[in-house]
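>>> Mind folding the following:
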Amino acid sequence: MNQGPIDLTIWQVVMAAGFVIVAGIVSMAMRLGMGRSLLVASLRTAGQLGLAALALDFVFNLSTLWAVGPLAVLMLALAGREALRRQKFKLPGSSLDTIGSMALSSFVVAITVTGVVVGAKPWWSPPVFIPLLGMILGNALNGVSISLDRFLSGCVEQRARIEAKLLLGATPNEATLDLAREALRLGLTPMINAMSIVGIVSLPGMMTGQLLAGADPTQAVLYQIVVMYMLAATVALGSFMVVGLARRRVFDADEALRRDLKRK
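As a prediction, this is how the structure comes out:
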């Protein structure tokens, strides 16, 4: 007989914080200098998730598109900001490209999954759309930021090589093709690795959460498969778009590699 969901109290969460305390003690014993970072990260985790709970409760109670829309835009803006913070080099116009790539790939996949695959009525049903969009944006952030960072860093590090190809008659696209491929491989690798070990080495958060809530294991697995596929699609689409746009922006009107790529 399956046990139903187990509700947690604040004191049980405090008990779980003991694991972080142990990690802090290990950090101090090894003189890693990470104790303060662990403390701040732990407090941020509790605070941010607490605020998220309030926001979700508000949106779920309203259950209107006018409540879901602003929250979705806010989530996108925060994800885009974090992706841009991870870039070592600044390219004029890359902010718009990054947010645009994440927005297009994430919202297209999220709307398709909720409205067509899952069949939620309506497609923006908050309990379905918001959690899925959050997972999508989190993974799109990683793929887009890794791919863009590697491409821009490569353009700076391999400037002489790219310019030599241009002098030999290569087009800008031809001169940066190998670098673009490398950036995309790097951006897609974490997602491919996650898909390779899911169910064998790791049980993802969504599936684990459903099981803890008393869901049928078969349904939990089916939902997790859908989630993994949608995440892979979003990471691939977002990475392809942002690198494709960056390949245009790194060259000026004369098809010369720009000189204003600056380290932040």
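
>>> Look up how far residue 240 lies from residue 88.
Separation of residue 88 from residue 240 (Cβ to Cβ, to the nearest Å): 21 Å. (Each C-beta comes from the backbone N, C-alpha and C, glycine too.)

>>> Name the residue in the two with the higher neighbour count.
residue 240 (19 against 12; other Cβ atoms under 10 Å).

>>> check contacts around that one.
Listed by Cβ atoms under 8 Å, 6 or more residues apart in numbering, the contact set of residue 240 reads residue 184.

>>> so how far is stretch 192-203 off the chain centroid?
With Cα atoms, centre = their mean, to the nearest Å as the basis, stretch 192-203 stands 17 Å off its chain's centre.

>>> Show me which positions of it end up buried.
Judged by neighbour count (16 or more other Cβ atoms under 10 Å), stretch 192-203 contains these buried residues: 194, 198.

>>> So which elements touch whichever strand or helix holds residue 105?
Following DSSP states H and E, the helix or strand that holds residue 105 is helix 94-112. With contacts defined as 3 or more Cβ pairs under 8 Å, 6 or more residues apart in numbering; DSSP states H and E, helix 94-112 has these neighbours: helix 65-85, helix 126-157, helix 217-249.

>>> and the shortest one, what's its mean pLDDT?
Meaning helix 65-85. Summarised as a single mean, pLDDT over helix 65-85 is 91.

>>> least trustworthy helix or strand in this protein by mean pLDDT?
helix 205-212 (a mean of 72; mean pLDDT, DSSP states H and E).

>>> And that one, what does it pack against?
helix 217-249.

>>> can you state the direction angle for the helix it packs on and helix 65-85?
Interaxial angle, helix 217-249 versus helix 65-85 (axes from the mean of the first three to the mean of the last three Cα atoms, to 10 degrees): 60 degrees.

>>> Give the buried residues for helix 217-249.
For helix 217-249, burial by neighbour count (16+ other Cβ under 10 Å) applies to 220-221, 223-224, 227-228, 230-243, 245-247, 249.

>>> State the number of residues packed around the closest residue in space to residue 103 that isn't next to it in sequence.
Beyond its immediate neighbours in the sequence, the residue positioned closest to residue 103 (Cβ to Cβ, 6 or more residues apart in numbering) is residue 76, lying 5.6 Å away. Residue 76 has 19 neighbours, counted by other Cβ under 10 Å.

>>> which residues touch residue 76?
99, 102, 103, 106, 107, 137.

>>> neighbour-wise, which of these leads?
residue 106 (30 neighbours).

>>> quick one: secondary structure of residue 32?
What DSSP: H, G, I helix; E, B strand; the rest coil gives for residue 32 is coil.

>>> circling back to that earlier point, and the helices and strands packed on helix 94-112: which comes nearest residue 117?
Nearest to residue 117 among these is helix 217-249 (6.0 Å), distances taken as Cβ to Cβ.

>>> Run through who's touching whatever helix or strand comes next after that closest one.
For helix 217-249, the following helix or strand on the C-terminal side (DSSP H and E) is strand 262-263. Contact partners of strand 262-263, identified using Cβ under 8 Å, 6+ apart, comprise 88, 89, 90, 156.
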